[in-house]
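K.L.:
Here is a sequence with its predicted model. Questions after.
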Protein chains: 2
Amino acid sequence: MPRRNAPFSIIRRLPIYLRILDNLIKKDVDIISSRTLSSRTGFTAEQIRKDLAYFGAFGTRGTGYNTVFLREKLLNIIGLDKENHTIVVGAGDLGTAFGRYNLIKNPYIGVVGLFDISDEVIGKSVEGLMVQHLDCMPEVIDKYNVKVAILTIPSSQAQTVVNKLVKSGVTAILNFAPTKLNVPDYVHVHNIDLTIELQSLFYFTVLEEEKDSV
Amino acid sequence: MPRRNAPFSIIRRLPIYLRILDNLIKKDVDIISSRTLSSRTGFTAEQIRKDLAYFGAFGTRGTGYNTVFLREKLLNIIGLDKENHTIVVGAGDLGTAFGRYNLIKNPYIGVVGLFDISDEVIGKSVEGLMVQHLDCMPEVIDKYNVKVAILTIPSSQAQTVVNKLVKSGVTAILNFAPTKLNVPDYVHVHNIDLTIELQSLFYFTVLEEEKDSV
DNA sequence: TAGATTGTTAATCGATTAACAATC
DNA sequence: TAGATTGTTAATCGATTAACAATC
């Protein structure tokens, strides 16, 4: 069964469904309807059904979706039904926080490395994981077959480090450095720019003021 | 001149243009073309021109855009051409990191409060700003006329705190808690879910493997 | 059978891309 | 004037919403 190359807009919603299913299964709920999923996610029931139907007919008409079955399917589609490893490059405040966050809260992905170049943080322990020098990175990537990396280093060093990551075999990068990264076509970069997320929210406060002044 | 209610897809790109303009101005560059902006951002030149033209004719045909002039316009459109304040609610690892990040790196927005309920972090100083008890929040919001808040608390407490924020007058929330928040229509919530961002990237590694096995 | 809910097809909406006239 | 680049209109693309037939 060859998986179709699905739109990323759909893929990004699947982990949200997955988390809800995990919670339902923990509470021994067997069946869930698209309508209930809708009220829990804020997406419309139609959209949820369409998202799931894109990959197959996972539900039962008149009844709903079996939580355990759907969970298995989602894990398989996203690619979380195997050992998954990631590393965090940059062990400043943000990198440390993300490393810890994923070590504690992400049930499907193991953080197997934390890297930096500053002597101040190398050797520091984050939830039992030691920060290592950047030079150790290729070895860890190789050992754990790491394909996805989190980047939390200053923009000035980002491109250099990305080149190393790509050379070592990483094919997907979650980038927090506020800069455009150049990578080969087969590498996927997803940018999260905290400054931009915050600044763009201020637009709404402008709209509010205009409404007030009418 | 009434501002039109622009698509948020455009608004989110404006701070990216703004950052590039800031850098250019620092280097005394007077003029920039949409083509150069394209190579710096990764967006097409057509899209950039269309984004800017949505708000007015800011460029000069045959020449390009004046950096200083365009920067002023963007600041005004986004709503950054005034005193802007924000607060961070939740002073754990993530909250502390974001607080520090914005205190240091965000040139247009001032962090005026850091709040938590745990005695362990209350009183802690982050770049000279003291973590205060949640009970002090309404007062600070009022004093600085805070309209935008960053939320980095556990999901279980998120809705309660959001209700307080809304009651105090906050109209936009950058939410890192992995849960759906219920707010009145006039309040804008932008969710960033780090678990989901990371998990969805693993989809690409599945695609890669399939390609390999052909 | 009647009621419920999925899965699919069609219609709508919005965003991006392409083409080019306007004009510096 | 010739060359360059914007701003705008038209065409395309993709995602969401609506409607409903299929079926448990």
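P.N.:
Okay, I see it. Just so we're clear, the structure is a prediction, and the values are computed from it rather than from any experiment.
K.L.:
Please enumerate the strands of chain A.
P.N.:
With DSSP state E as the definition, chain A shows strands at residue ranges A:31-32, A:59-60, A:64-66, A:85-89, A:110-116, A:125-126, A:129-133, A:148-151, A:172-175, A:188-191.
K.L.:
The fifth one - contacts with which helices or strands?
P.N.:
Looking back up the chat, that one is strand A:110-116. If contacts are counted by 3 or more CB pairs under 8 Å, 6 or more residues apart in numbering or on different chains; DSSP states H and E, strand A:110-116 sits against strand A:85-89, helix A:93-105, strand A:129-133, helix A:137-144. C-beta here means a position set from N, CA and C on the backbone, and glycine is covered the same way.
K.L.:
Single out the most deeply packed of the ones you listed.
P.N.:
Burial among these, expressed as mean neighbours by mean count of other CB atoms under 10 Å in any protein chain shown, is greatest for strand A:85-89, which shows a mean of 25.
K.L.:
Return the residues of chain A in contact with DNA strand D.
P.N.:
A:7-10, A:43-44, A:46-47, A:50, A:60-63 (CB under 7 Å from any atom of the strand).
K.L.:
Show me which of those are buried.
P.N.:
Taking 16 or more other CB atoms under 10 Å in any protein chain shown as the criterion, what is buried in the residues of chain A next to DNA strand D is A:I10, A:F43.
K.L.:
Check the residues of chain A next to DNA strand D one by one and keep those near chain B.
P.N.:
Among the residues of chain A next to DNA strand D, the residues lying close to chain B (CB under 8 Å from any CB of the partner chain) are A:F8.
K.L.:
Out of the residues of chain A next to DNA strand D, which sit inside helices?
P.N.:
For those, membership in helices holds for A:F8, A:S9, A:I10, A:E46, A:Q47, A:K50, with DSSP state H as the criterion.
K.L.:
now for the residues you listed, which pair is the farthest apart?
P.N.:
Looking at these by CB to CB, the two members farthest from one another are A:F8 and A:E46, with 19.8 Å of separation.
K.L.:
Now do A:K105, the pLDDT please.
P.N.:
Predicted confidence (pLDDT) at A:K105: the value is 89.
K.L.:
burial count for the closest residue to it other than its chain neighbours?
P.N.:
If the residues on either side of it in the chain are set aside, A:K105 comes closest to B:T195, at 6.3 Å by CB to CB, 6 or more residues apart in numbering or on different chains. As a burial measure, the neighbour count of B:T195 was computed by other CB atoms under 10 Å in any protein chain shown and equals 19.
K.L.:
now B:T195: how far from A:S38?
P.N.:
Applying CB to CB, to the nearest Å, the value for B:T195 to A:S38 is 21 Å.
K.L.:
for A:L207, same thing?
P.N.:
Using CB to CB, one obtains 27 Å as the distance from A:L207 to A:S38.
K.L.:
Would you mind getting the angle between the lengthiest helix in chain A and helix B:93-105?
P.N.:
The helix of greatest length in chain A, counted in residues with DSSP H as the criterion, is given as helix A:194-212. Relative orientation of helix A:194-212 and helix B:93-105, computed by axes from the mean of the first three to the mean of the last three CA atoms, to 10 degrees: 80 degrees.
K.L.:
What mean pLDDT does helix A:194-212 get?
P.N.:
The average pLDDT within helix A:194-212 is 87.
K.L.:
who are the neighbours of that helix, in terms of helices and strands?
P.N.:
Contacts defined by 3+ CB pairs under 8 Å, 6+ apart place helix A:194-212 against helix B:8-11, helix B:14-26, helix B:67-78, helix B:93-105, strand B:148-151, strand B:172-175, strand B:188-191.
K.L.:
Identify whichever of those lies nearest to A:F98.
P.N.:
With CB to CB as the criterion, A:F98 lies closest to helix B:93-105 of the helices and strands packed on helix A:194-212, at 7.9 Å.
K.L.:
who touches that closest one?
P.N.:
With contact meaning CB atoms under 8 Å, 6 or more residues apart in numbering or on different chains, helix B:93-105 is reached by A:93-94, A:96-98, A:100-101, A:194-195, A:198, B:86, B:88-89, B:91, B:109, B:111, B:114, B:116, B:121, B:124, B:126-127, B:129, B:150, B:152-153, B:176.
K.L.:
quick one: it to chain centroid distance?
P.N.:
From the chain centre to the centre of helix B:93-105 is a distance of 13 Å (CA atoms, centre = their mean, to the nearest Å).
K.L.:
How much space separates the residue in chain A positioned nearest to DNA strand D from A:L24?
P.N.:
Taking CB to the nearest atom of the strand as the measure, chain A has A:G62 as its residue closest to DNA strand D, at 2.2 Å. For A:G62, the distance to A:L24 (CB to CB) stands at 19 Å.
K.L.:
if you skip the residues just before and after it, what's nearest to A:T44?
P.N.:
By the measure of CB to CB, 6+ apart, the closest residue to A:T44 outside its immediate chain neighbours is A:S38, 5.9 Å from it.
K.L.:
Near A:F115, how many other residues are there?
P.N.:
Residues within reach of A:F115, counting by other CB under 10 Å, total 25.
K.L.:
for the ones in helices among the residues of chain A next to DNA strand D, which one is nearest chain B?
P.N.:
Nearest to chain B among those: A:F8, at 7.5 Å, using CB to the nearest CB.
K.L.:
residues contacting the closest one?
P.N.:
Under the criterion of CB under 8 Å, 6+ apart, the contact list for A:F8 reads B:S200, B:Y203.
K.L.:
Need the pLDDT of it.
P.N.:
95.
K.L.:
Check the gap between it and B:E209 for me.
P.N.:
17 Å.
K.L.:
Also A:R100?
P.N.:
The separation that A:R100 has from B:E209, given CB to CB, amounts to 29 Å.
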